[in-house]
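*Asks:* Sequence first, predicted model second:
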Amino acid sequence: MTEDSLVYTFTLNYQPQALGGTPIIRTSSAVVGIQCHYMKLPNVSSNALKPTRIPHHSTLNLSIYLHLY
């Protein structure tokens, strides 16, 4: 983490397998380092995210009114 960004770093490992039970491997293995930088926002608390789904506890009272047979 830096002063103005969050840095996410990971390594992608590729190891090819032999082709159809034969000892033939068409490509070489590779290791790729990946780094993503996410800029920090000055104030995120003033514009909070609003969920798009209905929480489970909001639907519990509806079961009183539903008569399923």
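*Replies:* Looks like it arrived, so ask away.
*Asks:* Let me know the pLDDT of residue 69.
*Replies:* The model reports residue 69 with a pLDDT of 48.
*Asks:* Next, residue 9: secondary structure please.
*Replies:* Here residue 9 is recorded as strand under DSSP: H, G, I helix; E, B strand; the rest coil.
*Asks:* give the contact list for the closest residue to it other than its chain neighbours.
*Replies:* In this structure, residue 9 finds its nearest non-sequential neighbour in residue 35, 4.8 Å apart by C-beta to C-beta, 6 or more residues apart in numbering. Quick note: C-beta positions are derived from backbone N, CA and C, even for glycine. Listed by C-beta atoms under 8 Å, 6 or more residues apart in numbering, the contact set of residue 35 reads 7, 8, 9.
*Asks:* Could you dump those residues into TSV and include neighbour count and pLDDT?
*Replies:* Shown next, in TSV, are those (neighbours: other C-beta atoms under 10 Å; pLDDT from 0 to 100):
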residue	neighbour count	pLDDT
7	10	90
8	11	91
9	9	94
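*Asks:* Break down the protein into its strands, ranges please.
*Replies:* 5-14, 30-39 (DSSP state E).
*Asks:* For residue 23, find the nearest of those strands.
*Replies:* Nearest to residue 23, of all the strands of the chain, is strand 5-14, at 18.7 Å by C-beta to C-beta.
*Asks:* So what are the sheet partners of the closest one and their directions?
*Replies:* Strand pairing for strand 5-14, using DSSP bridges, gives strand 30-39 (antiparallel).
*Asks:* pull the CA atoms of the strand it pairs with into PDB?
*Replies:* The C-alpha coordinates for strand 30-39 follow below in PDB (Å, rounded to 0.1, in the frame of the first residue of the first chain):
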ATOM      1  CA  ALA A  30       5.800 -19.800 -17.500                       C
ATOM      2  CA  VAL A  31       5.700 -17.600 -14.400                       C
ATOM      3  CA  VAL A  32       4.200 -14.100 -14.800                       C
ATOM      4  CA  GLY A  33       4.200 -11.400 -12.100                       C
ATOM      5  CA  ILE A  34       1.000  -9.300 -12.000                       C
ATOM      6  CA  GLN A  35       0.500  -6.100 -10.200                       C
ATOM      7  CA  CYS A  36      -2.700  -4.000 -10.000                       C
ATOM      8  CA  HIS A  37      -2.900  -0.500  -8.600                       C
ATOM      9  CA  TYR A  38      -6.100   0.900  -7.200                       C
ATOM     10  CA  MET A  39      -6.200   4.600  -6.600                       C
END
